[in-house]
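1. When you get a sec, could you give me coordinates for this:
(2 chains)
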Amino acid sequence: MTFLSDELIWFLDLYILLILGYAILIMSSYLVLAYLSTKELRGYLKKNSFVDYEVLLTSEFAPKLSLIAPAYNEGMTIEENVKSLLSLNYNNYQAIVVNDGSKDNSMEILIKTYDLVLSEREFHPQIETKKIKGIYVSRNAAYKKLIVVDKENGGKADALNVGLNIAENPFVVCIDVDCILDKDSLLKLAKPFLESHGKRIIATGGVVRIANQCIIKNGRLVEVNIPDRMLPRIQVLEYLRAFLLGRMAWGRLDGLLLISGAFGAFDKEIAILAGGYSTKTVGEDMELIVRMRRYMLENKLPYAVSYIPDPLCWTEAPEEFKIFKKQRSRWMRGTIETLSFHKKMFMNPKYKLLGMLSVPYWTLFEFLAPGIEFIGLVITALFIIFGLLHWHFFILLLLFVYTFAVFFSVIALFSEENTYHKYPKQADFFKLLMAAFIEPFYFHPLTVYAALVGYKEKIMGTKGWGEMTRKGFTKK
Amino acid sequence: MEEIWEIYKGGKWVVSFLTFSIYFFVAASFTLYLYIVASRNKKINRERLRIEYNTEIEKLLASVIFENVSFAAIKENKNFLVLFDTSFFREVLTESLINLHKNYEGIYAEKLEQFYKESGLIKDSFKKLKSLKWEVKCKGITELAEFNIKEAFDKIILYSKGRNKTLKITAINACIKLGGTRGIVHLVEHPDPIDDWTQLNIIGAFKKHDIGDTKGIELLLESQNTTVVTLGLKLIKELKLTQKLPYVVQLATKATNTTIKYEAQSILQALTV
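-> So this is what the prediction gives:
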């Protein structure tokens, strides 16, 4: 009995130390990333205040861009969104909207609104895709930048590959058609392609923010508001943390594994050489970046991925738990698939920082974290049932994690306050602050649950995105 | 030391560590919260002051431009002198002056330049050049260039040879405005590659400031630095300097670097068609 008790005590101690060690590791990494991000952000803002983007507007040497916007059942917002794409501050660009076999009236709306006619345009596909039904251009000279491709449904990756095949320009900007772009977004996204000498910039990404309840006028965001509903409101905070305190640091370290599918620019040649978007994963945005980086490293080609902290793209966040769950489980499946496709890179010095830090970080803290958390919950429940739980210690541990979560959100708010200050209304700031207190009890369990659903779906072999319903933006 | 070891061995450190961390996170969150509130209040106050100052400044500059009021006369107003002593007022005044100067030409612009010199704001700008912070230097350079202070050229050109890219671009732009091609001929000897963004800015400065005298641009084609040669070719193309075509022809026939040769040929084609 004494032997068993000793063993149990030893196991309990070990378990507690492991959990604590994991928590400390993850928290420290967040703090280090936040520190690096803040430093980088300050430097960027200082430099940016002297940048004259007008030179890109007036020069024929500005990078030529092709915007690719895949659309699936976006009838509710497509007219407004395409208008937004066509009114961006940039000269050297074309906008390619790929209708991925929508079941709604997206195509009819596009044809009617933009006076589209079938075109005989020829192109030489370099990536295999589903069949194209037709390529449309506008009869109206005002929409000469617009190309609409109608194709059979093949998923987002397939639609983006069609765009890569059709794009005439050396750089492609892949965006979600339902996103609202800042009018200077292309100027800012194009600049890094001109900046690096000796290293080829293969991709640039920008910050995505939540647009729920923001006011949109003529395809432009005119008023930033905080959503009334708690689920999207906490996502505002979550995006601030992820983009201002996370990706900025990975950008500085040149270890960025993900450029959001909502808005990112790529070197078309490298994207095609790397094989284009993979249709075998629902995390095609992350997977492409990893594959492009891998291609450059394996071919010993000097390269860099650039990241812009300016809020360039505004998107609608899910407001219903059902939709949220679908989105997050898909993100988890995408992460698992990407890490599994590129498992060769894990702790492989051949892939430098990417192999030794980025991939292990994503594996340990993005892929495994929800699972570890779930196991922790089960063990805690068992401890309670068997009367083994040391309540004083348990409550301290809970408080430790909770206060850190709130602290980290406050750092994100602090960073936002001192940089972009997009939420100037006092009430909005307090709403976000309150959200930081509520998040660990309300939002976090939901994200863990959705991630576990993602695990399950991956095990069950679920494919595809599932239907994503949009509510549409508030128009003025 | 022994005590710490005992705490560790006894497992008590976990509780102490957690307790300390909780207090730390709470205190740090509260401090950050206070900082955010203070920062917001500061922003609100600055904005209020800016609006107040702008009302005064608008009146003042209107009298300078349209009523020929000199700075000596303005100085007689004691309220103005009190305000002028504050750095924030001078900052707002300089910004307003720059904005107005961008919108005016001829005699009105000259009056603003005169005011900038007489008021001593020019000294503030020169002082900024001596700052250790590159961003302050950039600000000073921008101000001096905006008001066409030609005497600043020799100082500013030194910064265009430095390694800080933003400072370098700001300085080159200013030098182009103040000295035309004199602002870039030193690039012939430039040892480092000039990236496309810097090149675009240089071309942009030529277009923006409408530099008519392009004598010396052809010298860039003689540089050993291929990026400088590319810059020269781009300038010739974008400014449509057909009088420089003989130099491009020479480059297209004699260049050893194939990329340069190709670029020269394509520019010849573009400018002669």
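2. alpha carbons only for contacts and neighbour counts from here, please
-> Noted.
3. Close to chain A: what parts of the stretch 51-200 of chain B are there?
-> Counting by C-alpha under 8 Å from any C-alpha of the partner chain, the positions of the stretch 51-200 of chain B adjacent to chain A are B:135, B:138, B:166, B:170, B:193-198, B:200.
4. Mind checking which of these land in helices?
-> In this view, these that belong to helices under DSSP state H are B:135, B:138, B:166, B:170, B:196-198, B:200.
5. now, the most widely separated pair of those residues?
-> Largest separation among those by C-alpha to C-alpha: B:Glu135 and B:Asp196, giving 21.8 Å.
6. Compare those two and say which one has the larger neighbour count.
-> For B:Glu135 versus B:Asp196, the count of surrounding residues by other C-alpha atoms under 10 Å in any protein chain shown is larger for B:Asp196: 21 against 18.
7. wait, does the top helix by length along chain A contact chain B?
-> Using DSSP H, we find that the single longest helix of chain A is helix A:2-48. Yes: against chain B, helix A:2-48 shows contacts by C-alpha under 8 Å from any C-alpha at A:46-47.
8. tell me what that helix is packed against?
-> helix A:248-253, helix A:391-418 (3 or more C-alpha pairs under 8 Å, 6 or more residues apart in numbering or on different chains; DSSP states H and E).
9. between the last one and helix A:2-48, how many degrees?
-> Between the axis of helix A:391-418 and that of helix A:2-48 there is an angle of 10 degrees, by axes from the mean of the first three to the mean of the last three C-alpha atoms, to 10 degrees.
10. And helix A:391-418, what's buried?
-> By neighbour count with 16 or more other C-alpha atoms under 10 Å in any protein chain shown, helix A:391-418 contains the buried residues A:396-397, A:399-417.
11. how about the strands in the stretch 101-250 of chain A?
-> With strands called from DSSP state E, counting those that start in this stretch, the stretch 101-250 of chain A shows them at A:116-118, A:132-138, A:146-151, A:171-175, A:180-181, A:200-210, A:215-217, A:220-223.
12. mind listing what the last one pairs with, with the direction of each?
-> So the one you mean is strand A:220-223. Sheet partners assigned to strand A:220-223 using DSSP bridges are listed as strand A:215-217 (antiparallel).
13. Looking at the partner strand now, give me its mean pLDDT.
-> The pLDDT scores in strand A:215-217 average 87.
14. what does stretch A:12-26 give?
-> 86.
15. Show me how far that stretch is from its chain's centre.
-> The chain centroid and the centroid of stretch A:12-26 are separated by 30 Å under C-alpha atoms, centre = their mean, to the nearest Å.
16. Extract the C-alpha trace of it and format it as PDB.
-> Extracted C-alpha coordinates of stretch A:12-26, given in PDB (Å, rounded to 0.1, in the frame of the first residue of the first chain):
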ATOM      1  CA  LEU A  12       1.100  13.100  -9.500                       C
ATOM      2  CA  ASP A  13       4.200  15.100  -9.000                       C
ATOM      3  CA  LEU A  14       5.500  14.300 -12.500                       C
ATOM      4  CA  TYR A  15       2.100  15.100 -14.100                       C
ATOM      5  CA  ILE A  16       1.900  18.400 -12.300                       C
ATOM      6  CA  LEU A  17       5.500  19.300 -13.300                       C
ATOM      7  CA  LEU A  18       4.900  18.300 -16.900                       C
ATOM      8  CA  ILE A  19       1.700  20.400 -17.100                       C
ATOM      9  CA  LEU A  20       3.400  23.300 -15.400                       C
ATOM     10  CA  GLY A  21       6.500  23.000 -17.600                       C
ATOM     11  CA  TYR A  22       4.300  23.000 -20.800                       C
ATOM     12  CA  ALA A  23       2.400  26.000 -19.600                       C
ATOM     13  CA  ILE A  24       5.500  27.900 -18.700                       C
ATOM     14  CA  LEU A  25       7.100  27.000 -22.100                       C
ATOM     15  CA  ILE A  26       4.000  28.100 -24.100                       C
END
